[in-house]
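A.B. asks: Have a look; sequence and predicted model below, questions after that.
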Amino acid sequence: MLKQLLCSLFFLSLLPLPGASAQLKGRLAEKPLAVGYMRNLSQTRMLEYMQNLGAQLKIGKDMFDQIPDEGLDGINADVPEPIAGVAWYMVQGLIPSYDVIYFQEVRDLDDARSVLRARAKMFGQSGELKPQGDDCFLLEQGSTSIMDIPDGQDPEKYAQQFRNDSGSFKTTAEVFEDEDDEGKKKIRYRWYRPEYYRFADGLLFSASFEELKEVSLPTRESLTSRVSTDNDIGAEASFDRIPQAIKMLGWNMLSSSAGTQMQPRDGEEPIEAELRRSGMATGLDIVKSVMFDVDALDMWVRFATDDSPDVRAQIDFNARRGSGLGGQLQNIAAVDSEMAPILNDDAAVTLHTSFRYSKSAAEAVTAAAAWLQLQTANETDNDPLILDAMSQIAETFGELAERRDVELMIKLGHTPKTNGVIYGGLQVGDNPSLLGALYRLSLYEEVPREIKDTLSLVNNGGLEMIQISIPDEAVAQMQELSSLAISDIYIAHSNSVLWFAAGDETAAQMIHTNIARCQQAGLAVRTPLFTFHVDADRWLDYPQDDPVGVGGLLRWLDENRGEFPPTPFVGFMSNGGPDKPTPLLDAVFALGGNRTMTWTIVADESGARLTANMGEAIANYHVARMIDLQSRMMSNIRQDVREEEIATEQKVELATPAADR
């Protein structure tokens, strides 16, 4: 069902094509830096998909009613599976820059004219299509308004500030005498946005610069030869086409600025200066590797079909052969996971990362340990109990800096031996005094009594744990804000991992289970750098009346959080929409489709790869939430406008004498 682009792309595709400049500031390079394309994803198909989904779920009426039936007539090219895309080019000039050329497959010149006329029609009175020869066109979108000139202002000088002839948006400001207003001088202000089009080789090209009419255009073969019929969206970038001199110029500017920031500051402690310096040095190493050693990028997206009911995507970052980045990536991936045996357990949600950081980053970890000890000494007046605890923690930092391995896991689940539980661990090394040191920090005299009373060091089934017992009133507040009722948190140290489990009094059993499974598994193995997995079926199979609230959390989020599921577009729309969204989860899932989602990142000496799989049901849910929020937001806006109109009418009525009403 989900064979069209997400609805956000639909709205974006209706906007005028963006541009970098109104004039080309040099000569286009022979080959593009990058090319992106969409195959058979027209505005009409995207709208039909959303309207169909909205009709099945009974949502979006307020939004779809604003789109006239004839609004997209003729906007699509008369080609069975049209390809549309964009190419980024370096512009060779006095100051190197880049610009973009868009392309769209059309049948012939007549088809190109039809598409452009439909596009101009979408803009209504503000759009105008102007032929520029046999195969070139100018589409302008703009409007005109009249402005008064403030008293005492010179008309021409005042108008000058509104004139702009650069950039993709242009403005003019003409001083004239208004004969309808006793010859009073005013300003006729106009803004407009020019889009230049050119037909060639079965493609309709567009750009923001007028030189499109004359430049040597890329061939159809160069833009579409790598378009795969398996992909709905694709992109490729060749970073080796960026001149080395430009890379060096950018790097020198960045490193020079960073070098200034890395210098010690007046009154700064040496340890603080070293922490800042090592942290920035690590960041510079990463940026330098990306700038000089990433050779190419390849990306594709494939939407769900009857044969493959998932939305799938892949992004490959290819390292330059023999480069330092390849060795760094190989080193980053060389971590032996201590928690691999539980990576694919029965949890509904899994977040896991495992990587090895660089030697320069290890210096930052060492500096951080020294800084923590210094700050602790200053803040506690050299309290011996706290300083001893912090020295043990600093020892763990030292071990981490030596091993340079990071592993973090967070999971959400429910088992026969526990109620709902949030659990996981952090690889920290083998320091046997770490857990006791963490507990002793809570004994500092400045720690409030109400916090001290919640912590205790206990023996649970032969394993030492820190237990945090959350007060009932705090649990009640948490449940009101999130549906979760976490009353107990347990922390233990074993197998080089600092384990945690949050839930009720049964949560500690999850730590025992995880430790046992990892010990039984034997040798540690390697895992992806990053894994994020959601199994909605498993989540909904948990008891919905789970006392911890984990089982019912998914439905609670659906019914109470407009920003769920989290995406940039949903978050933006929810800010202006209702507090409580329309419940959609059960209705969307009833339409069918896979209900899992997995994101992974792997790396080796050849580069890094991000792979994403999203079940059709989850993808539909994302789109349905955006439709519902957009529609309800538009409904609220219309309601606010109507309330203002009524209030204005009432004021006018009250100000009008009764005899004149």
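C.D. replies: Here it is on my side, so go on.

A.B. asks: Residue 238 reaches residue 296, doesn't it?
C.D. replies: Yes - counting by CB atoms under 8 Å, residue 296 is a contact partner of residue 238 at 5.3 Å. Placement of C-beta: from N, CA and C, glycine included.

A.B. asks: element containing residue 51?
C.D. replies: For residue 51, the element it lies in under DSSP states H and E is helix 43-57.

A.B. asks: Mind checking what helix or strand follows that helix in sequence?
C.D. replies: Per DSSP H and E, the first helix or strand lying C-terminal to helix 43-57 is helix 61-64.

A.B. asks: Does the closest residue to residue 203 other than its chain neighbours fall in a helix, a strand, or a coil region?
C.D. replies: In space, and not counting its chain neighbours, residue 203 is closest to residue 103: 4.7 Å by CB to CB, 6 or more residues apart in numbering. Following DSSP: H, G, I helix; E, B strand; the rest coil, the label given to residue 103 is strand.

A.B. asks: Restricting to C-alpha, output the helix holding residue 51 in PDB.
C.D. replies: The C-alpha trace of helix 43-57 is given here as PDB (Å, rounded to 0.1, in the frame of the first residue of the first chain):
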ATOM      1  CA  GLN A  43       2.200  14.600  -6.600                       C
ATOM      2  CA  THR A  44      -1.000  13.000  -7.700                       C
ATOM      3  CA  ARG A  45       0.000   9.500  -6.600                       C
ATOM      4  CA  MET A  46       1.100  10.900  -3.200                       C
ATOM      5  CA  LEU A  47      -2.100  12.700  -2.700                       C
ATOM      6  CA  GLU A  48      -4.200   9.700  -3.800                       C
ATOM      7  CA  TYR A  49      -2.300   7.500  -1.200                       C
ATOM      8  CA  MET A  50      -2.900  10.000   1.600                       C
ATOM      9  CA  GLN A  51      -6.600  10.500   0.700                       C
ATOM     10  CA  ASN A  52      -7.100   6.700   0.600                       C
ATOM     11  CA  LEU A  53      -5.400   6.300   4.000                       C
ATOM     12  CA  GLY A  54      -7.300   9.200   5.400                       C
ATOM     13  CA  ALA A  55     -10.700   7.900   4.100                       C
ATOM     14  CA  GLN A  56     -10.000   4.400   5.700                       C
ATOM     15  CA  LEU A  57      -9.200   6.000   9.000                       C
END
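
A.B. asks: helices and strands around it, which ones?
C.D. replies: Contacts defined by 3 or more CB pairs under 8 Å, 6 or more residues apart in numbering; DSSP states H and E place helix 43-57 against helix 7-13, helix 61-64, helix 616-655.

A.B. asks: Kindly recompute the last result at 7 Å.
C.D. replies: Helix 43-57 sits against helix 7-13, helix 616-655, with contacts defined as 3 or more CB pairs under 7 Å, 6 or more residues apart in numbering; DSSP states H and E.

A.B. asks: Of those helices, which shows the lowest average pLDDT?
C.D. replies: Confidence, taken as mean pLDDT, is least for helix 7-13 of these (a mean of 38).

A.B. asks: Can you show me the strands along the stretch 451-600 of the chain?
C.D. replies: 455-460, 463-469, 488-494, 497-503, 530-535, 596-604 (DSSP state E, counting those that start in this stretch).

A.B. asks: And these: which comes nearest residue 40?
C.D. replies: strand 596-604 (24.6 Å; CB to CB).

A.B. asks: Pull out the buried positions in that closest one.
C.D. replies: Buried positions in strand 596-604, judged by neighbour count with 16 or more other CB atoms under 10 Å: 596-603.

A.B. asks: Confirm for me that residue 35 is in contact with residue 85.
C.D. replies: Yes - the pair residue 35 and residue 85 qualifies as a contact (CB atoms under 7 Å) at a distance of 6.2 Å.

A.B. asks: which residues are common contacts for those two?
C.D. replies: residue 223 (CB atoms under 7 Å, 6 or more residues apart in numbering).

A.B. asks: hey, which of the strands of the stretch 451-600 of the chain is tucked in deepest?
C.D. replies: Most buried of the strands of the stretch 451-600 of the chain by mean neighbour count (mean count of other CB atoms under 10 Å) is strand 497-503; its value is a mean of 24.

A.B. asks: Which secondary structure elements does it sit against?
C.D. replies: Applying 3+ CB pairs under 7 Å, 6+ apart, one finds that strand 497-503 contacts strand 421-427, strand 488-494, helix 508-521.

A.B. asks: on contacts alone, who are the packing partners of the first one?
C.D. replies: Here strand 421-427 is seen to pack against strand 405-413, strand 497-503 when contacts are counted using 3+ CB pairs under 7 Å, 6+ apart.

A.B. asks: pLDDT of the longest one, averaged?
C.D. replies: Averaged over strand 405-413, pLDDT sits at 96.

A.B. asks: what do you get for the shortest one?
C.D. replies: For strand 497-503, the per-residue pLDDT values average out at 97.

A.B. asks: repeat for stretch 464-475
C.D. replies: Averaging pLDDT along stretch 464-475 yields 96.

A.B. asks: what does it contact?
C.D. replies: Counting by CB under 7 Å, 6+ apart, 435, 438-439, 454-458, 485-492, 508 sit against stretch 464-475.

A.B. asks: Buried residues, the longest strand along the chain. List them.
C.D. replies: Using DSSP state E to define each element, the chain has its longest strand at strand 184-200. Buried residues in strand 184-200, defined by neighbour count with 16+ other CB under 10 Å: 185-187, 189, 191, 193-200.

A.B. asks: chain center to whatever helix or strand comes next after it: distance?
C.D. replies: Heading C-terminal from strand 184-200, the first helix or strand you meet, by DSSP H and E, is strand 203-207. Offset of strand 203-207 from its chain centre (CA atoms, centre = their mean, to the nearest Å): 29 Å.

A.B. asks: So which of the helices and strands packed on strand 497-503 is the most surrounded?
C.D. replies: Among the helices and strands packed on strand 497-503, ranked by average contacts under mean count of other CB under 10 Å, first place goes to strand 421-427 (a mean of 24).

A.B. asks: now that one against helix 508-521, angle please.
C.D. replies: 50 degrees (axes from the mean of the first three to the mean of the last three CA atoms, to 10 degrees).

A.B. asks: Give me the contacts around strand 421-427.
C.D. replies: 338-339, 405-414, 496-503, 507, 510, 548, 550.

A.B. asks: and that strand, what's its mean pLDDT?
C.D. replies: On average, strand 421-427 scores 97.

A.B. asks: Output the contacting helices and strands for whatever helix or strand comes next after that strand.
C.D. replies: Counting by DSSP H and E, the element after strand 421-427 in chain order, helix or strand, is helix 434-441. Contact partners of helix 434-441 among helices and strands, from 3+ CB pairs under 7 Å, 6+ apart: helix 384-403, strand 463-469, strand 488-494.

A.B. asks: Lowest average confidence across the helices and strands packed on strand 497-503, which one?
C.D. replies: Mean pLDDT values for the helices and strands packed on strand 497-503 show the minimum at helix 508-521, a mean of 93.

A.B. asks: In terms of secondary structure, what does that helix contact?
C.D. replies: Under the contact criterion of 3+ CB pairs under 7 Å, 6+ apart, helix 508-521 touches strand 488-494, strand 497-503.

A.B. asks: other SSEs contacting the first one?
C.D. replies: Looking back up the chat, that one is strand 488-494. Here strand 488-494 touches helix 434-441, strand 463-469, strand 497-503, helix 508-521, going by 3+ CB pairs under 7 Å, 6+ apart.

A.B. asks: can these go into CSV with extra columns for distance to residue 328?
C.D. replies: Output for the helices and strands packed on strand 488-494, formatted as CSV (distance: least, CB to CB, whole Å):
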stretch, distance to residue 328
helix 434-441, 29
strand 463-469, 37
strand 497-503, 26
helix 508-521, 28
